[in-house]
Every structure is written in structure tokens, then in C-alpha cells.
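Trainee: Here you go, sequence then predicted model.
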Amino acid sequence: MDKELWDHILQFDFDDPPSEYGFTIRLANENYWTKAFTELAILEYKKFMYLAATSDMMVSPSEIVDTVWHQHLIFTQSYSSFCILIGKQIQHIPSTHNREEFEKFRQAKERTLGLYKSVFGEQPKSIWEYHGMFESLNLNKANLKIRTFLVFGILGFIALIAPCYFLLRPIYLEIHNPYFMIGFIALCLLTFAGLEFYNRNQLKKITKEFDEDSFVYHLKPYELVYLKTQRLNDVINGTINELINNNTIYINPDKTIGLINPDNVSSKEQLQTVTVLSELGRPFYPSLVRQLVNKPIFWNTAKCMDAFAKYVYKSKKFRNLFYMNFGILTIVLMLGIIRLTTGIVRDRHVFQILIATLILIVLIIFYLNRLTKLVCTHTIPNLYKTDILPKRTAQDDWQWQYFLLGSAVLTAAFIPIIGYTEKNNQFGSDSGSSGSSCGSSCGSSCGGCGGD
């Protein structure tokens, strides 16, 4: 290995000069990548370019590395400087899918694998074997949409009311209140408790099938904070609190936010916050947050985590779990509906069973909706708390403590300001897209590269 060249490549900063929608932020946003995965993809791109610079023959990138390469080509000044640094103009050669080229690209791929192993060791599977970040989850997409299933499920439920009525009516005539109500309520409680236990275990089993080097096992603290709370403002609160703790900003007596040392920042989130604060002067906290939620560095945290949740939500394994929950809960609901129908037909007092049935319907809707978020709000955060973080030295890292303990680790003077903001609900976490896009497409695949 040419260590001097590799050190120069490692030190090359694609985000110089820093900007609101620079190379790394744009790459993550446009591909729904997490921070750690984006950093790894850029590192693997640098390794690939080292091989391209030191090899006399064509080498071939993976699809993920090629995605990084495509974007670097758009940043023409940075790409030109990078090629000067490595001493070689690396040409991007797109695949035309011609049969004549197939063998050439196949050989280039094998050559790249051999060169990589001899210089860097084993290739990360998540970058070199998959087409996208989410493939490492090993989840097959379901064929039937939940919305379609619910429509047919509700129609089937309605169609079964009459047959179930004639089937259960003789039994119900022998069961009098309050025994039925006691039994029905007990059945509902046991059903929800049993499903909760089963669902948590099944979702845990799903996560165990993720690849060992999957992005899920390399999430940043703020990404986990968003997963757990589903609130982007909690991520911003954490960033602001860090700036207060390191004396970069302070809270004025009138509850406005002031800037002390704008150069004392240690992350892109902090830099973006200080930049916005410099533009606003001494804003009240709600005004500052309204600006920050629309900045790419923050809303990409929500964007990539929402994409992860959606990917799990659309998987066959999750859909089967959802369908089972729906089926069991509707069976319990059917018992209440038939009891209510029997009472109405017999002209009996049905107020209690009517209220119980309505409450059950509301609980079923709430529970099924909660189930779609459970992998984010419970499964993954709990995986970090019980399995991942105990193996790391996260005790001295404030961000990890914030994920584990929440608002308990926030600065005391800052908590009333957060409470005031949330009480008045003066900002939200939704935001639109930002930044410019390249007018021309780079193509759908890349065969390899050559050098002048």
C-alpha cells in the first residue's frame, strides 16, 4: 500500500467548505441513508478510488459506491481536486449492458475484489454486496397492502355478523349479566396482554435476522432518540442542550437564546444551529426551532428513520403479524357485537355492552396503529439498551445518556423553555425538501472506471 497516498485520500474532506446542503448531507438525504452508513459508503468510495489510482487496469465499484461516485462527479470542483490529489484522472465508464462488455466488467469486478482483499481485507457486505442500505434487513416485501387487507377484512367482518349471530345466540341466552360483562372485559384484557407479549417477541425475532453489519446496529444516538419518541424536536432539544453545556450559547433572562462562542462546535448539527442563531440574532426558542426543523441536517434524521420504519412496515413478516393481530382482535370484537345484537333483538338494556364495544373498537384502532410503530418505539431502542450499548463505553457520552434517560439529563434552565414551546405547539416536525438537484441523470448502473 502507498501509505502516503492513502493518508491524503483519507484526509480529503468532501464537505469543504461547509454548507447547509453539502456533499455528505445531500448524499444521505437523497438516498435515505443514516449517518453511519453514509460515512461508511464514503470511506469505501475512497478505498475504491485508491484502487483505481494505483491499478493499471479497470476496477469496478459496487452499486452503493457508484452512488457516491455519481454524486462526487456532480461536485465538479471537488472531484477535480480529488483527482489531482491522487495523481490520476479517473474516468467513469457507465455500463451499456452490451454482451461484448459483460465479460470485461465481470473481470473488472473480480479484479477489484482481489485488489481490495490484498490492500484492505474483507469487503463490508452492506456496501459491496447489496444494492441499497435496507437490503441488509433481509425482509421480503409483502404482496398485499395493509389498506387493501383492511377493506376486505372489514367487509368480511360485516358479512359474518349474521351467521355468527345465529351460531352464538343459543349460547348467549344462557349467559346472563353481569357474568358476561365480567368475562368479556377479562377476555379483552387477556387478549391485549397476550398480543403485546407475542408481538414484542416476534419483532425481536425479526431484528435477529438482520445482517450482523446492518446499519441498524450502527445508529447514532439522535437517530435512536427520534425512533423512540417519533419527535424531531427532541433531536433539536438535545443539540441545543449540548451547545448550552459547552458555553456556545446561553439563555437570557427574557428567555431568548444568545450566542457566546460561535466557533465552539463539534458537529454539523451544532454548526447549523449556530449559523441559524447568528442570522436570527436573539430569537425566542420557538422561532429558532421553526428554522431548524427545515434544515436538511435535522430532517434527514427523521427521513431515514421513517424510511426504515416504512421498509419494515411493508415487509411480509410484519404484514403477517399485523394480519394475525387484526384477526384475533376482530374475533373478540365479534363476541361483543353479537351480544349487543342479541340484546337489541330481545329488547333488553344494552347500554353497558354498547359502551364496552365502542371502547373496544377505539382500543383496536389505537392498538393496530401502535403496532405499526412498535419496532421503532420499542424494539430497536430496547435492542440498544439491552444488547448493544452494554458492550460499548457509552457512559461518558452525553448523547447516549440523552437517548437512555431522555429529558432527565437536560439542563435545568432549559427544561421550562422546552415545556413552554411544546405547550404552545408553535412548531412541528414536518418539513419539505431542500436543496437543488442535478439536471441530468448519471444513469442506472456503472461498469467500472479507467484512468488517463
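Mentor: Done, it's in.

Trainee: what residue ranges in this structure are flagged as low confidence?
Mentor: Counting by pLDDT under 70, the chain contains low-confidence residues at 93-103, 394-395, 420-452.

Trainee: Now name the helix or strand holding the residue positioned nearest the centre of it.
Mentor: Centroid check for the chain by Cα atoms, centre = their mean gives M305 as the closest residue, at 1.3 Å. With the criterion set as DSSP states H and E, the secondary-structure element containing M305 is helix 296-313.

Trainee: Can you give the distance of that helix from its chain's centre?
Mentor: Taking Cα atoms, centre = their mean, to the nearest Å, one finds the center of helix 296-313 at 4 Å from the center of the full chain.

Trainee: Give me the distance between the residue nearest to the centre of the chain and P381.
Mentor: Noted for M305: a distance of 11 Å to P381, by Cβ to Cβ, to the nearest Å. Backbone N, C-alpha and C define where each C-beta goes, glycine included.

Trainee: Find residues that contact each of those two.
Mentor: L227 (Cβ atoms under 8 Å, 6 or more residues apart in numbering).

Trainee: before we move on, back to that, helices or strands up against the helix or strand following the helix holding M305?
Mentor: Moving toward the C-terminus from helix 296-313, the first helix or strand encountered (DSSP H and E) is helix 316-345. Helices and strands touching helix 316-345, by 3 or more Cβ pairs under 8 Å, 6 or more residues apart in numbering; DSSP states H and E, are helix 146-172, helix 179-208, helix 351-371.

Trainee: Give me the distance from the next helix or strand after the shortest one to the chain's centre.
Mentor: Translated: helix 351-371. Scanning the chain past helix 351-371 towards its C-terminal end, the next helix or strand to appear is helix 374 (assignment: DSSP H and E). Computed by Cα atoms, centre = their mean, the separation of helix 374 from the middle of its chain amounts to 13 Å.

Trainee: and W6, how many residues sit next to it?
Mentor: For W6, the tally of surrounding residues (other Cβ atoms under 10 Å) stands at 18.

Trainee: give the contact list for it.
Mentor: Y50.

Trainee: hang on, it in a strand?
Mentor: No - assessed by DSSP: H, G, I helix; E, B strand; the rest coil, W6 does not belong to a strand; its assignment is helix.

Trainee: Distance check, it against K373.
Mentor: If you measure W6 against K373 using Cβ to Cβ, the figure is 44 Å.

Trainee: residues near L150, how many?
Mentor: For L150, which is what you asked about, the neighbour count (other Cβ under 10 Å) is 14.

Trainee: can you pull the contacts of the spatially closest residue to it that is not a sequence neighbour?
Mentor: Computed as Cβ to Cβ, 6 or more residues apart in numbering, the closest residue to L150 that is not its neighbour in sequence is F326, at 7.4 Å. Counting by Cβ under 8 Å, 6+ apart, F326 makes contact with 149-150, 153, 368.

Trainee: and what of I64?
Mentor: With contact taken as Cβ under 8 Å, 6+ apart, I64 is in contact with 41, 44, 127-128, 130-133.

Trainee: how far away is it from K303?
Mentor: When Cβ to Cβ is applied, the distance between I64 and K303 equals 18 Å.

Trainee: do Y179 as well
Mentor: As it turns out, when the distance is counted by Cβ to Cβ, Y179 lies 53 Å from K303.

Trainee: Which one's more surrounded, the two?
Mentor: Here Y179 and K303 are compared on neighbour count by other Cβ under 10 Å; more neighbours surround K303, at 20 against 9.
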